[in-house]
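Asks: Here's a sequence, model it:
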Amino acid sequence: MKLGILPIGRIDAKVPLHLQQSLVKILPNLECSIIPVAAPLLKRDFEPKRKQYRSNLILAEIQAYSTQQKELDCILGIVDADIFVPELNFVFGEASFPGKEALISLWRLRREFYGDAPDEAVFMSRLVKEAVHEIGHTLGLGHCNRSSCVMHFSNSIVDTDIKRSLLCDRCHSKATIRIQSLKALP
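Replies: This next block holds a predicted model:
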């Protein structure tokens with residue numbers, strides 16, 4: 001599976017680099033590259049009343065970008081902005097299910113958002129978990145009932161901290177089958 005990491009707006013260069021190095025260790029048969037030119041974070045995606053960006057609109061822009069990147073099986077967008085879907089107060093990310101596009105937000109992954117002291121190791125751990133989770137959705141994986149599985153739904157940052165960055169055995173089997181089917185496509 002070929003994954004491209006797409007920075008959206010201003011993203012610290014160490015974030016996509018850390019993701020690239022981590023994801024190839026976690027997901028089976030993954031080739032991962034960083035897309036060198038960041039996509040813009042568009043003002044039209046901002047909802048002034050909520051002071052957040054609509055994740056579905058950003059995801060649609062990633063989808064438009066992915067049609068130009070035919071060599072990639074999946075594009076993971078990274079944005080440093082607060083995002084939401086209309087039904088929820090916020091989301092850590094969103095993805096096409098199944099599909100080629102995923103999006104994660106860094107905004108609520110930092111301990112500082114919750115009034116705690118910064119901790120880069122915690123931030124990077126949360127980053128990887130949310131990335132694997134959203135990539136899992138692109139592979140057709142739903143939410144898992146095992147609280148330690150990375151595919152478990154995160155209603156809060158506490159849920160993210162509890163789960164591991166790995167797929168449970170059932171989700172791993174499903175992901176492996178899906179990735180093998182991608183290899184079989186022309």
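Asks: which residue ends up closest to the midpoint of the protein in space?
Replies: residue 131 (3.4 Å; C-alpha atoms, centre = their mean).
Asks: List the buried residues for the strand or helix carrying it?
Replies: Applying DSSP states H and E as the criterion places residue 131 in helix 120-138. Neighbour counts using 16 or more other C-beta atoms under 10 Å place 122-138 of helix 120-138 among the buried residues. Backbone N, C-alpha and C define where each C-beta goes, glycine included.
Asks: Tell me what residue 3 is bridged to.
Replies: residue 32, residue 74 (DSSP bridges).
Asks: That one is in contact with residue 71, isn't it?
Replies: No. Residue 3 is beyond contact range of residue 71, at 11.1 Å (criterion: C-beta atoms under 8 Å).
Asks: The protein: helices as residue ranges?
Replies: 14-26, 55-66, 120-138, 157-162, 169-184 (DSSP state H).
Asks: Pick the most buried one from the ones you listed.
Replies: With neighbours defined as mean count of other C-beta atoms under 10 Å, those peak in mean count at helix 120-138, which reaches a mean of 22.
Asks: residues in contact with that helix?
Replies: 3, 15, 18-19, 22-23, 26-27, 74, 76, 92-104, 106, 109-111, 150-151, 154, 157, 160-161, 163-167, 171, 175 (C-beta atoms under 8 Å, 6 or more residues apart in numbering).
Asks: quick one: that helix to helix 169-184, angle?
Replies: Per axes from the mean of the first three to the mean of the last three C-alpha atoms, to 10 degrees, the angle that helix 120-138 makes with helix 169-184 is 60 degrees.
Asks: now could you export just the CA positions of the lowest-mean-pLDDT helix or strand in the chain as PDB?
Replies: Every helix and strand in the chain was compared by mean pLDDT, DSSP states H and E; the lowest is helix 169-184, with a mean of 85. Provided in PDB are the C-alpha atoms of helix 169-184 (Å, rounded to 0.1, in the frame of the first residue of the first chain):
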ATOM      1  CA  ASP A 169      -5.700  -9.400  15.800                       C
ATOM      2  CA  ARG A 170      -9.200  -9.200  14.100                       C
ATOM      3  CA  CYS A 171      -8.700  -5.700  12.700                       C
ATOM      4  CA  HIS A 172      -5.100  -6.500  11.600                       C
ATOM      5  CA  SER A 173      -6.500  -9.500   9.600                       C
ATOM      6  CA  LYS A 174      -9.100  -7.400   7.900                       C
ATOM      7  CA  ALA A 175      -6.500  -4.700   7.100                       C
ATOM      8  CA  THR A 176      -4.100  -7.200   5.700                       C
ATOM      9  CA  ILE A 177      -6.800  -8.600   3.400                       C
ATOM     10  CA  ARG A 178      -7.700  -5.200   2.200                       C
ATOM     11  CA  ILE A 179      -4.100  -4.200   1.600                       C
ATOM     12  CA  GLN A 180      -3.500  -7.400  -0.400                       C
ATOM     13  CA  SER A 181      -6.500  -6.600  -2.500                       C
ATOM     14  CA  LEU A 182      -5.000  -3.200  -3.300                       C
ATOM     15  CA  LYS A 183      -1.900  -4.900  -4.500                       C
ATOM     16  CA  ALA A 184      -4.000  -7.100  -6.900                       C
END
